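A.B. asks: sequence first, then the predicted structure, then my questions.
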Amino acid sequence: MIVNFLTYLRERPGLLKWSFLAYLAFALVFDFFADRHHAHFWGDHLVGFWAVFGLVGCLAMIVLCKGLSHVWLERDKDHYDK
Amino acid sequence: MTSSIFMHPATMFIIGALLLPLAKKFKVQKIWLVLIPLVAFIQIQYLPESFGKVEWLGFELQFGRVDKLTMVFLHVFTLMALIGSIFGLHVKESGQHIAAWLYVAGSLGTTLAGDYLTVFIFWELMAFASVFLIWYRKRKKSIDAGYRYLLVHTFGGLILLGGIFLRYQNVGDLTFELISVDNATLADYLIMIGFMLNAAVPPIHAWLPDAYPEATVTGAVFMCAFTTKTAVYVLARGFAGFQVLAIMGAIMTLYGVAYAVIENDARRILAYHIVSQVGYMVCAVGIGTEMAINGASAHAYAHILYKALLFMGIGSVLEMTGRSKLSELGGLYKYMPYTMIFTVIGGIAISGFPLTSGFISKSMIIAAAGNNHQLIIMGMLLLAAVGTFLSVGIKLPYYVFFGPKDSGLTPKEAPWNMQVAMGMAAFMCFFLGFYPDYLYDMLPYAVSYHPYTSYHLAETFHILGFTGLGFYLMVKYLKPHDVSNLDLDWFYRRGADWFMWVARKPVSATNEWVSNIYQSVGLRLTMALARAVSWFDWEGIDWALDGSARGVVKGGEQVRQFQTGKLQHYIGAAVALLFIVLIVVVLV
């Protein structure tokens, strides 16, 4: 049952994409109504601050780590046996 | 009355482990494997506050010291021992179970220890027992990794021991209590470094991602839970409030997660991610406020369960397919749906989804950093949370169970006992998320923190959602490649090679050159001299001393029979002796 359902979803990437985007929209709208009494710093007062933080952080991390791996850290898997 | 019904939990596991072969002989190994951890889990509630005080060679040893900080860790350690043993029920080799239980015993003993000597004894038991969990995989790579693991931990143990000796010399007291930052001396820092090595704090972390992926399927489940979290406990006990730990911990969270983003082997991803998660705890210990210590304990509790769940999920895949590299997996959700669901639960719990255990524990540490006005550290921890969801929450399940392409593998679902164990851990992930007070009531200090505020929810929705968006945009770039990445173990792995080269080439050549000369010139001379001396010794002196040399030769021949020259016999005998001493000491 689960398998069939997942296969159904997997064959419909458009549906997944739109429900994901709907979720993101919901998250942004939700932020307008959040109670900001316990703010730790200025960023906590900005609507959508953590959305930008998440997206930029994620992209930066992928670019930086993958980049470092490609230019420096990457070795054959039996590197130490040679 | 209570004193008559309790037993030191470590003793229980040691005796349980020693009797395991007997249980196997009577075909009750499986029952035994569930019974002992279950009894241990129940009876830790009945431990008195202090027990097992022994005078030994003028030292005051304390095998049992129980307070709230101890209890949180004991609770999750024994629960994890139960889950791990159920996960390994199908393993027939008693040796693996024995190693796992002795390892658990080491961890419980360290947690309960009230003085540094006892800490050290159980600390070493942990290292020596756990290495067998790596060796039992029996591949050359695992044997090698096991030796490296052992060497690194021996090194760490020596630093710890050095610190303990120095401390004894300085203050003449080995009680294991909180050390104040202002009075810390070299001795205390050595002890701290010894502890930090087990907590896998960079730059002394590389043993962890080196060894854990090479352990057996069930062994890795145990290993991911105990070594690092015991280290977190001892750090929290002895070194709360050391600012250096807060900084190192924050760096750890990012260091581990960065490697988790680029690694290819699923278990190595999880191993690097332990470094990241333990970073949160080390950081919290360094912050040192009541809320932070609560956060460290809560996070250790939650983390043990979901990280073990992830190791069980990926372990099941490895067990059923023989593969653990993302580049060789994909599309497995059709064949292992339950394993997939459990692994995803572990993934969302570690990412801190609302209603899971990660949400209620990780946020406590982040809030503690915020309340303490350490904003840079707070930012680093949140960035690591982004990386966590990216690497373990999405990337790992995506490439193993779904992925852009199917691997063509058609494995069977994991055995029932593995699924039961995963189900238990998955249940706990949700249970703690739905009912955080169960965990909060156990914490060392009273909790005033409420995780389910609208702002915290909004923050979490954003971070998770937009990290997901980042993954969606960059998924092509994240495609795993079959490579390994350099880490700081390079220094001792390459260093060992250089050492061997020096030993093999220049040293060996010099040695040969000297011995050639010696053979051609010196040997004859020496032999002649030796014969003369020997004749004098045998005939002259021994005759004078009543034939004792002949007696010694004969006696030596007999002793030689005992000494097989096999290293494993010596180690076995030494370990057996240690256990007997321990049991006697603890029981009496």
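C.D. replies: Arrived safely, thanks for sending.
A.B. asks: okay, now the unreliable bits of the stretch 401-550 of chain B?
C.D. replies: B:541-550 (pLDDT under 70).
A.B. asks: point out the residues in it that sit beside chain A.
C.D. replies: B:402, B:453-455, B:457-459, B:461-474, B:477-478, B:481-487, B:493-494 (Cβ under 8 Å from any Cβ of the partner chain). In short, each C-beta sits where N, CA and C put it, glycine included.
A.B. asks: list only those of these flagged as buried.
C.D. replies: Buried by 16 or more other Cβ atoms under 10 Å in any protein chain shown: B:402, B:453, B:455, B:457-459, B:461-471, B:474, B:478, B:483-487, B:493, out of those.
A.B. asks: B:T111 against B:T70, yeah?
C.D. replies: Yes: at 5.8 Å, B:T111 counts as touching B:T70 under the criterion of Cβ atoms under 8 Å.
A.B. asks: what's B:F41 in contact with, if anything?
C.D. replies: B:75, B:78-79, B:81-82 (Cβ atoms under 8 Å, 6 or more residues apart in numbering or on different chains).
A.B. asks: so which of those sit within helices?
C.D. replies: Among the contacts of B:F41, the residues falling in helices (DSSP state H) are B:75, B:78-79, B:81-82.
A.B. asks: run a quick neighbour tally on the residue of chain A found nearest chain B.
C.D. replies: Closest residue of chain A to chain B, Cβ to the nearest Cβ: A:C58 (3.0 Å). Counted with other Cβ atoms under 10 Å in any protein chain shown, the neighbours of A:C58 add up to 27.
A.B. asks: the closest residue to chain A within the stretch 351-500 of chain B sits in which helix or strand?
C.D. replies: Nearest residue of the stretch 351-500 of chain B to chain A, counting by Cβ to the nearest Cβ: B:G470, 3.0 Å away. Element membership of B:G470, judged by DSSP states H and E, is helix B:454-474.
A.B. asks: over to B:M340?
C.D. replies: Secondary structure from DSSP H and E places B:M340 in helix B:337-351.
A.B. asks: run the chain-centre distance for whatever helix or strand comes next after that helix.
C.D. replies: Using DSSP H and E, the helix or strand that follows helix B:337-351 in sequence is helix B:357-371. Distance of helix B:357-371 from its chain centroid, counting by Cα atoms, centre = their mean, to the nearest Å, is 24 Å.
A.B. asks: go on, stretch B:186-202?
C.D. replies: Relative to the mean C-alpha coordinate of its chain, stretch B:186-202 is positioned 15 Å out (Cα atoms, centre = their mean).
A.B. asks: what about the helices in the stretch 251-400 of chain B?
C.D. replies: In the stretch 251-400 of chain B, the helices defined using DSSP state H, counting those that start in this stretch lie at B:266-287, B:290-321, B:337-351, B:357-371, B:375-388, B:396-401.
A.B. asks: next SSE after the helix or strand encompassing B:W32?
C.D. replies: Assessed by DSSP H and E, B:W32 sits inside helix B:29-43. Under the assignment DSSP H and E, the closest C-terminal helix or strand after helix B:29-43 is strand B:50-56.
A.B. asks: what does the stretch 201-350 of chain B have sitting close to chain A?
C.D. replies: For the stretch 201-350 of chain B, the contact set with chain A under Cβ under 8 Å from any Cβ comprises B:257-259, B:261-262, B:333-334, B:337, B:341.
A.B. asks: give the rounded mean pLDDT of stretch B:194-213.
C.D. replies: The pLDDT scores in stretch B:194-213 average 96.
A.B. asks: distance to B:W101 and neighbour count added to the ones in helices among the contacts of B:F41, as TSV?
C.D. replies: As requested, the ones in helices among the contacts of B:F41 are exported to TSV (distance: Cβ to Cβ, whole Å; neighbours: other Cβ atoms under 10 Å in any protein chain shown):
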residue	distance to B:W101	neighbour count
B:H75	18	16
B:T78	11	25
B:L79	15	23
B:A81	7	28
B:L82	11	22
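A.B. asks: save those residues as JSON lines, and put in distance to chain A and pLDDT too.
C.D. replies: Converted to JSON lines, the ones in helices among the contacts of B:F41 look like this (distance: Cβ to the nearest Cβ, whole Å; pLDDT from 0 to 100):
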{"residue": "B:H75", "distance to chain A": "30", "pLDDT": "97"}
{"residue": "B:T78", "distance to chain A": "33", "pLDDT": "97"}
{"residue": "B:L79", "distance to chain A": "28", "pLDDT": "97"}
{"residue": "B:A81", "distance to chain A": "31", "pLDDT": "97"}
{"residue": "B:L82", "distance to chain A": "27", "pLDDT": "97"}
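A.B. asks: nearest to A:F20, out of those residues: which one, please.
C.D. replies: The closest of these to A:F20 turns out to be B:L79 (Cβ to Cβ; 35.6 Å).
A.B. asks: pLDDT score for the residue lying closest to B:G88 once chain neighbours are set aside?
C.D. replies: Nearest residue to B:G88, sequence neighbours excluded (Cβ to Cβ, 6 or more residues apart in numbering or on different chains): B:T218, at 3.6 Å. For B:T218, the pLDDT comes out at 96.
A.B. asks: quick check: B:T218 vs B:E263, distance?
C.D. replies: To B:E263, B:T218 is 22 Å away according to Cβ to Cβ, to the nearest Å.
A.B. asks: who has more neighbours out of the two?
C.D. replies: More neighbours surround B:E263 than the other of B:T218 and B:E263, with 29 against 26 (other Cβ under 10 Å).
A.B. asks: so who does that one touch?
C.D. replies: Contacts for B:E263 (Cβ under 8 Å, 6+ apart) come out as B:209, B:269, B:272, B:484-485.
A.B. asks: now the helices: where do they sit in chain A?
C.D. replies: A:2-10, A:13-32, A:49-68.
A.B. asks: may I have the residues that are in contact with the residue nearest to the residue of the stretch 351-500 of chain B closest to chain A when sequence neighbours are not counted?
C.D. replies: The shortest distance from B:G470 to any non-neighbouring residue, by Cβ to Cβ, 6+ apart, is to A:C58 (3.0 Å). Residues near A:C58 by Cβ under 8 Å, 6+ apart: B:386-387, B:390, B:466-467, B:469-471, B:474.
A.B. asks: farthest pair within the residues you listed?
C.D. replies: Taking Cβ to Cβ as the measure, the contacts of A:C58 have their most distant pair in B:G387 and B:L469, spaced 14.8 Å apart.
A.B. asks: in the strand or helix carrying B:F13, what counts as buried?
C.D. replies: Assigned by DSSP H and E, B:F13 belongs to helix B:9-25. Buried residues in helix B:9-25, counting neighbours by 16+ other Cβ under 10 Å, are found at B:9-18, B:20, B:23-24.
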